[in-house]
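Novice: A predicted structure for the sequence below; I have some questions about it.
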Amino acid sequence: MGRKVKANQEPKGPGRKARKQPAPVPLEPKPRNPKRLKKQLQKKEEKKANRQKSSSENKAGVSLSDVPFAFDDEDSEIENHEDDNDLLGSDEDDTKANLLDSDIEEDDESSDDDEITFKAKGKKFSDDNQNWLKLAAEDSDSDLGDDDFGADEFDAMDEDSVNDSSSDEGPMDMERESRKLEKQAAEDEQLAEEEMQTNIMESEKFELPSAEEIEKIDRASEDLQGIQMRIRDNLNTIARFAELREKGRSRKEYVDLLQKDLAFVYGYSDFMMEKMMSLFPISEILDVLEANETPRPVTIRTNTLKTRKRDLVQALVNRGVNIEPAGDWTKVGLVVFDSNVPIGATPEYLAGHYILQSASSFLPCLALEPQLDERVLDMSSAPGGKTTYLCALMKNTGLVVANDANKERLSATVANIHRLGCTNTIVTHHDGRQFPKVMGSFDRVLLDAPCSGSGVIAKDQSVKTSKVEKDFQRCSHLQKELILAAIDSCNPKSATGGYIVYSTCSIMVMENEAVVDYALKHRNVKVVDTGLPFGKSGFVKHGQYRFHPSLEKTRRYYPHTHNMDGFYVAKLQVLSHETPANTNKNKEGKERLDEATQDGSDDSALSQKSTKKGKNKKTNKRKKDKSGPAQEGKDTVDQEKQDESKGSEISKKSTKKSKNKKIDKAKKDKKDSPQQPAEDKKKPSDSETKSGKIKGTQKKIKAGASKMEQDTKIPKKSKKSSKKKD
């Protein structure tokens, strides 16, 4: 079924099932390529020649059949229509015929071998049709003239079409030319770089001054640009030292000159510049120094206890503040680029919706990860930025103890706690080293230890010249004491915690890795991953230091790489309050002592024998000097008293009594001796007598008597030997 058509509506075209109509004939010729135009012109000339031949044959009386001409091609219907129009000789039909010829010529181009063949059928024309034939000939001549004129117009139009086609193809050519130009420019740049390198290698080598010239350099009077050029040339030579160095000059000479130039240009002391160059490679030292000269961007932290980040951003933007998020690593940090109002005096600031806090101060709190309803200690809390952040992370649950040794700085901590709406905090004023005696058993402890401030030179330029080696040693000693106190304050048996975060705003190894390594040796703790998504790993080897391999889990932050203050973060887990390191050392020491005693037992026996021989020689000398055997017996008894081991006080008393009795007997037996020195009897002290009365027993007395029997044999032998000598 077809479409329904209204009575008043004119049909617009064929129905759905109707036969498709041939495409309408274009009124204007299409643009052609120049190659195809040449072929068309050649075919037109051939057709003209064929037409002239046909006209001459018609004049000569060639008759054709009444049947119209037929073509071998599929376009026979179009050719018959063209012949009928020629017979009528109308001008409109001629134009249509010419257009049809152009279409036929297109088909001829696709198949050059196809040719039109006229086939005469039926009877020839009679003389009655001669006038018509003449008219046809005249028409043909006129057609030829018209064709010639049309050809000229067609040629002109074809030229325009060529121009149009060239204009259509122009953008492609322009793209190709632009690509060629880009390739040439890239090649020129490579050649220029190669030429620059060759020039540097050949003519622009840095000439290092001699040692005497370096000492005579007066940098104060020298041009600053000249010093900077020397620094760049020196850095270039150090980077390619094997190629550009002078023969006979060491690398240390180049580095020493560079150190002095950098210290003068950037205002550092020689000590601080040496420390900085030991931390960073020489290729990065310029970036580090330049970063310390530029201030860090202003950052604020959203107080989630009172507002949301989206609402705060909208409020500040309405006040003319250019603000953006600090990064993907923090959900509350915002960076302020520009502000029409003072950022520290807005109504939002006074209401406690945000606090001015450096981006690096977020990191210790994120690493600590306090949980709800925990006991947390901030051992060095002033001015309260980290304490309030811990309260926000805990959502005002649990307990946060904010301690600081400086009472003046605690006023700022209290003010921030009240302004930001923290209700779970207690502020204390104690020395952190003594805090375990005050309070303990915390689930987590945050220690942002006081340091030299070498990571915040952009804020405090005095660090460049004011710090000395003693300052770093003093800070390191204090930090070691504080980290041990923090470990003792933490509860290792906590179900959710038992963690400590140690952080400093310093980049020196002495204040960071050395302190954590000291804690590992003196407490039963281990280093844990901080959980921070970025940052450089800590040092395991640096100069003379060799640290535990787990210190690689700690994180370092630098101004030139992370665009924040220099910072260090380490996270420790407390395993127990025992000190396994010290116990192991004590065991090792005992084992060494045991080995030494076993090995030296023989030596000790020999030494005892030698000492006895020496003592005997001394006694013999005394005997020769003194006259009388009584005196000699007395001397031997005194020597025996010194050599005897200390026994009980009762045994000493018994030995003294027996010796006095023997001396009295010797005096009576030897009255004939001319010299009898007066002997002062030594009485025992009161303490000895009292102790002897209290502790004396029969067993001890018998033991003392047995010892005296052995001792009495020695003076008898000495007497006999002395008589023989006399």
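Specialist: Received it, and whenever you're ready, just let me know what you need.
Novice: between the two ends of stretch 341-349, how far is it?
Specialist: Stretch 341-349 has an end-to-end distance of 12 Å (criterion: Cα to Cα, to the nearest Å).
Novice: in it, what counts as buried?
Specialist: For stretch 341-349, burial by neighbour count (16 or more other Cβ atoms under 10 Å) applies to 343, 346, 348-349. Every C-beta, even on glycine, is put in place using the N, C-alpha and C of the backbone.
Novice: of all the residues you listed, which two lie farthest apart?
Specialist: Within the buried residues of stretch 341-349, 343 and 348 form the most distant pair, 9.6 Å apart (Cβ to Cβ).
Novice: check the model's average confidence along the lengthiest strand in the chain for me.
Specialist: Longest strand of the chain, by residue count under DSSP state E: strand 567-576. In this model, strand 567-576 has a mean pLDDT of 95.
Novice: same question, stretch 219-233
Specialist: 86.
Novice: please export the C-alpha coordinates of that stretch as PDB.
Specialist: Taking Å, rounded to 0.1, in the frame of the first residue of the first chain, the C-alpha atoms of stretch 219-233 are listed here in PDB:
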ATOM      1  CA  ARG A 219      85.200  38.400  46.300                       C
ATOM      2  CA  ALA A 220      83.900  41.600  47.900                       C
ATOM      3  CA  SER A 221      85.500  43.800  45.200                       C
ATOM      4  CA  GLU A 222      84.800  41.200  42.400                       C
ATOM      5  CA  ASP A 223      81.800  41.500  40.100                       C
ATOM      6  CA  LEU A 224      78.900  39.300  41.200                       C
ATOM      7  CA  GLN A 225      78.200  38.200  37.600                       C
ATOM      8  CA  GLY A 226      81.700  37.100  37.200                       C
ATOM      9  CA  ILE A 227      81.500  34.900  40.300                       C
ATOM     10  CA  GLN A 228      78.200  33.400  39.000                       C
ATOM     11  CA  MET A 229      79.800  32.600  35.600                       C
ATOM     12  CA  ARG A 230      82.700  31.000  37.400                       C
ATOM     13  CA  ILE A 231      80.300  28.900  39.500                       C
ATOM     14  CA  ARG A 232      78.500  27.700  36.300                       C
ATOM     15  CA  ASP A 233      81.800  26.900  34.600                       C
END
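Novice: mind listing what's buried along it?
Specialist: Buried residues in stretch 219-233 (16+ other Cβ under 10 Å): 227, 230-231, 233.
Novice: ok, now stretch 459-473?
Specialist: Going by 16+ other Cβ under 10 Å, stretch 459-473 has these buried residues: 463-464, 467, 472.
Novice: for those, which one is nearest residue 412?
Specialist: Distances from residue 412 to the buried residues of stretch 459-473, taken by Cβ to Cβ, are shortest for residue 463, at 21.9 Å.
Novice: next up, the contacts around that closest one.
Specialist: By Cβ atoms under 8 Å, 6 or more residues apart in numbering, the contact list for residue 463 reads 272, 452-454, 456-457.
Novice: outside of the helix or strand containing residue 419 itself, list whatever touches it.
Specialist: Residue 419 is part of helix 410-420 when elements are defined by DSSP states H and E. Residues outside helix 410-420 that contact it (Cβ under 8 Å, 6+ apart) are 303, 305-306, 350, 352, 355, 381-385, 387-388, 391-392, 402, 404, 425, 427, 429.
Novice: farthest-apart pair in the buried residues of stretch 459-473, please.
Specialist: 464 and 472, at 14.4 Å, using Cβ to Cβ across the buried residues of stretch 459-473.
Novice: pLDDT of stretch 241-250, averaged?
Specialist: Per-residue scores along stretch 241-250 average to 85.
Novice: in its sheet, what does the longest strand of the chain sit against?
Specialist: strand 499-504 (antiparallel), strand 524-528 (antiparallel), strand 555-557 (antiparallel) (DSSP bridges).
Novice: export the contacts of residue 463 to TSV and tack on secondary structure?
Specialist: Shown next, in TSV, are the contacts of residue 463 (DSSP: H, G, I helix; E, B strand; the rest coil):
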residue	secondary structure
272	helix
452	coil
453	coil
454	coil
456	coil
457	coil
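Novice: quick one: residue 397 and residue 424 touch, right?
Specialist: Yes: using Cβ atoms under 8 Å, residue 397 makes contact with residue 424 at a distance of 6.4 Å.
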